[in-house]
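Colleague: sequence first, then the predicted structure:
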Amino acid sequence: MNDLALLLTPEGSALLDEVRGTAPADELAVATRLRREHPADLVSAALGQARLRQRAAAKFGAEDAQRMFFTPNGVEQSTRASVAAYRAECFRALGVRSVADLCCGIGGDAIALARAGIRVLAVDRDPLTVTVARANARALGLADLIEVREADVTEVDTAGHDAVFVDPARRGGRGRIFDPEAYSPPLSWAVEAARKASLAAALKVAPGIPHEAVPEDAEAEWVSDGGDVKEAVLWFGTRPGAVRATLLPGPRTLLGKGLPDPAVRPVGRYLYEPDGAVIRAHLVAEVAEELDGGLVDATIAYVTSDALLPTPYATAYEITGQLPFNVKKLKALLREREVGTLTVKKRGSAVEPEELRKKVKPSGPHSATVFLTRVAGAPTMLLGHPA
């Protein structure tokens, strides 16, 4: 709290501008120089905040990150700006004009909602987090749309808002929490808060949430950004029981049809690796139908087909070799093809990619991708390249 108070003063603001972009290797020299003119605690706070801003640029973009304030947990746990902007647009499209943002953290979602023209009540019980969220609203010129309140979210009346957004804490003293009822607040409480919303609600949950834990009156969405799965969201007031996978940028959304599992078939000319959000949403069957393909194994989420068809929901590879799992044979094949750059992907295999690379020692001007997987139950290596 004291560090942030120092940084919010005119002297602190000027010092933040001065230390912007300081490389880690230069911090000691910069700190030594600045302490001749500024208090040591202010210099330390400014350099610490500069480091956090550099880390946060990947989530918030360099322009916003250099104006915002962060805590270590805030950088780690806040929603990526692109994901928050997508969700804010979903709320706006539903006609939402005001949102109670419960467990708001440093304000990442509140910022996106306000930029979509939505009035926000942002609530968190941690005093430092609330102070940071309030400072971020001011720093980005959004204080007129964002009211930040320090309170226990379970005691906040949300009746005056069109929608509710809840982002429960999913980390504890021992790391990530996997039991939804161990979230803070528990998922059951968040669901009841969502059901009371007058227009719509969204609950952010871990991507690994079991499908059976999704309430029947919720729509479940898994979101990836740039191929990385970021979160799952339970929507209320939209399409009860629906399941979708959304890929950013785009957005591109695949809606579940309730299809049965695809049939297993021999490996064709092409192998498709579905996006992680598609896999988490259990929508591999929808992708296989789109590609006129099947699975290489009943338990493996690789789709194979003889046709190369464009799809945003999976990455296509042309398969140029198939052999039973055998490191010596793979090494010989790579040597024969002069493969020096080897990408190792695995699904259904206990072998570590780096361990395999050390054993096969790729060398040569060409590149290839090897898939360590199972084909019809048998450990198999598939060799290919992006199609």
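Modeller: That came through, no problem. Numbering: from 1, shown residues only.
Colleague: going by C-alpha atoms from here, please, whenever you check contacts or count neighbours.
Modeller: Will do.
Colleague: quick check: Pro207 is in a strand.
Modeller: No. Counting by DSSP: H, G, I helix; E, B strand; the rest coil, Pro207 is not found in a strand; it is coil.
Colleague: next one, pLDDT for it please.
Modeller: Looking at Pro207, its pLDDT is 93.
Colleague: need the contact list for it.
Modeller: Trp222, Val229, Lys230, Glu231, Ala232, Arg280 (Cα atoms under 8 Å, 6 or more residues apart in numbering).
Colleague: got the contact list for the last one?
Modeller: Applying Cα under 8 Å, 6+ apart, one finds that Arg280 lies in contact with Pro207, Gly208, Trp222.
Colleague: dump those into JSON lines; add distance to Gly175 as well.
Modeller: JSON lines is the format used below for the contacts of Arg280 (distance: Cα to Cα, whole Å):
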{"residue": "Pro207", "distance to Gly175": "16"}
{"residue": "Gly208", "distance to Gly175": "15"}
{"residue": "Trp222", "distance to Gly175": "22"}
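Colleague: tell me the one among those residues nearest to Ala56.
Modeller: Nearest to Ala56 out of the contacts of Arg280 is Pro207 (Cα to Cα; 21.6 Å).
Colleague: that older thread, distance to Ser363 for the contacts of Pro207 - can I get that in TSV?
Modeller: Below are the contacts of Pro207 laid out as TSV (distance: Cα to Cα, whole Å):
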residue	distance to Ser363
Trp222	39
Val229	33
Lys230	35
Glu231	39
Ala232	41
Arg280	36
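Colleague: all helices for the stretch 251-387 of the chain, in order.
Modeller: Under the criterion DSSP state H, counting those that start in this stretch, the stretch 251-387 of the chain contains helices at 276-280, 284-291, 327-336, 353-360.
Colleague: most tightly surrounded among the ones you listed?
Modeller: helix 276-280 (a mean of 25; mean count of other Cα atoms under 10 Å).
Colleague: list only buried entries from the contacts of Pro207.
Modeller: Trp222, Val229, Lys230, Glu231, Ala232, Arg280 (16 or more other Cα atoms under 10 Å).
Colleague: identify the residue spatially nearest to Gly276, adjacent ones excluded.
Modeller: Val229 (5.8 Å; Cα to Cα, 6 or more residues apart in numbering).
Colleague: now do the contacts for the one you found.
Modeller: Contacts of Val229 (Cα under 8 Å, 6+ apart): Pro207, Trp222, Val223, Gly276, Ala277.
Colleague: just flag the most distant two among those residues.
Modeller: The farthest-apart pair in those, when distances are taken by Cα to Cα, is Pro207 and Gly276, at 9.7 Å.
Colleague: isn't Ala135 right up against Phe69?
Modeller: Yes. Ala135 lies in contact with Phe69 (Cα atoms under 8 Å); the separation is 7.0 Å.
Colleague: who has more neighbours, these two?
Modeller: Phe69 (26 against 22; other Cα atoms under 10 Å).
Colleague: which of the three states applies to that one?
Modeller: coil.
Colleague: so where's the chain shaky on pLDDT?
Modeller: 1, 172-174 (pLDDT under 70).
Colleague: nearest the middle, which residue of the chain would you pick?
Modeller: By Cα atoms, centre = their mean, the chain has its centre lying nearest to Lys230, at 1.8 Å.
Colleague: what's the closest non-adjacent residue to Ala182?
Modeller: Arg170 (7.9 Å).
Colleague: what of Ser188?
Modeller: Glu181 is the one closest to Ser188 (Cα to Cα, 6+ apart), at 6.7 Å.
Colleague: tell me, how many residues neighbour the one you found?
Modeller: If we define neighbours as other Cα under 10 Å, then Glu181 has 13 of them.
Colleague: relative to Val229, how far out is it?
Modeller: Counting by Cα to Cα, to the nearest Å, the gap from Glu181 to Val229 is 22 Å.
Colleague: let me see the ranges of the helices in the stretch 1-150 of the chain.
Modeller: 2-7, 10-19, 27-34, 40-60, 62-65, 72-77, 81-93, 108-115, 127-139.
Colleague: for the second one, buried residues please.
Modeller: What that stands for is helix 10-19. Buried residues in helix 10-19 (16+ other Cα under 10 Å): Gly12, Leu15, Leu16, Val19.
Colleague: in CSV: those, plus distance to Gln49.
Modeller: Listed next are those as CSV, based on distance: Cα to Cα, whole Å:
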residue, distance to Gln49
Gly12, 11
Leu15, 11
Leu16, 8
Val19, 9
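Colleague: list just the nearest of those residues to Arg115.
Modeller: Among those, and counting by Cα to Cα, the member closest to Arg115 is Leu16, at 25.1 Å.
Colleague: quick revisit: quick check on the closest residue to the residue nearest to the centre of the chain other than its chain neighbours: phi, psi?
Modeller: In space, and not counting its chain neighbours, Lys230 is closest to Ser224: 5.2 Å by Cα to Cα, 6+ apart. Per-residue torsions, Ser224: phi -120, psi 150 (degrees, to the nearest 10).
Colleague: which residues touch the nearest residue to Leu248 once chain neighbours are set aside?
Modeller: Ranked by Cα to Cα, 6+ apart and with sequence neighbours excluded, the top spatial neighbour of Leu248 is Asp225, at 4.5 Å. Neighbouring residues of Asp225 by Cα under 8 Å, 6+ apart: Ser82, Val83, Leu247, Leu248, Pro249.
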